[in-house]
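Trainee: Mind looking at a prediction? Sequence and model below.
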Amino acid sequence: MPTPVDVALSRSKGELRIEWEDGSFSTLPIHYIRAWCPCAGCQGHGTVVRYQAADPEIGIELMAEAGAYALHLKFSDGHDSGIYTWDWLQRIAPESAPAGYKHGSFQKGQFQA
């Protein structure tokens, strides 16, 4: 499982920056994170997680660790039921294969454009 060594929220830039244990960095726009919310309310109860475009002006009002494995985020639209595991945040990061921001779906853990 990927392990972060630093997590920084920049409200002014609208992004979350994660430094990973291996020295790599991921920079994730807040609206992009919201668009990939994995919760059942956003995705249903199946095995597919789809990108669902979010307001580019959305912010994060609260950020807290969920155990040692995830972040709990409360967004400015009131949504707060998504738990973002470190694995999930690394998987949607533009540095992860396939390179770039992903706008399709993940089916059984595999990205589909």
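Mentor: Good, I have the coordinates.
Trainee: what about the closest residue to Glu65 other than its chain neighbours, helix or strand, and which?
Mentor: For Glu65, ignoring the flanking residues on the chain, the nearest one in space by CB to CB, 6 or more residues apart in numbering is Leu71 at 6.4 Å. In this view, the C-beta of every residue, glycine as well, is placed from N, C-alpha and C. Leu71 is part of strand 70-75 when elements are defined by DSSP states H and E.
Trainee: could you point out which element follows that strand?
Mentor: Next in sequence after strand 70-75, counting helices and strands by DSSP H and E, comes strand 83-85.
Trainee: give me phi/psi at the residue most central in space within the chain?
Mentor: Nearest residue to the geometric centre of the chain (CA atoms, centre = their mean): Ile33, 3.8 Å. The phi/psi pair for Ile33 (degrees, to the nearest 10) reads phi -60, psi -50.
Trainee: check contacts around it.
Mentor: By CB atoms under 8 Å, 6 or more residues apart in numbering, Ile33 lies in contact with 16, 73, 84, 89, 92.
Trainee: and the gap between the fourth one and Phe106?
Mentor: The reference is to Leu89. Remark: distance between Leu89 and Phe106 (CB to CB, to the nearest Å) = 13 Å.
Trainee: which neighbours do those two share?
Mentor: Joint contacts of Leu89 and Phe106 (CB under 8 Å, 6+ apart) do not exist.
Trainee: burial count for Trp88?
Mentor: 22 (other CB atoms under 10 Å).
Trainee: nope, Tyr84 is what I was after
Mentor: For Tyr84, the neighbour count with other CB under 10 Å is 22.
Trainee: all helices of this structure, in order?
Mentor: For the chain, the helices defined by DSSP state H occupy 30-35, 40-43, 86-92.
Trainee: list the buried ones in the second one?
Mentor: Taking 16 or more other CB atoms under 10 Å as the neighbour-count basis, helix 40-43 is seen to contain the buried residues 42-43.
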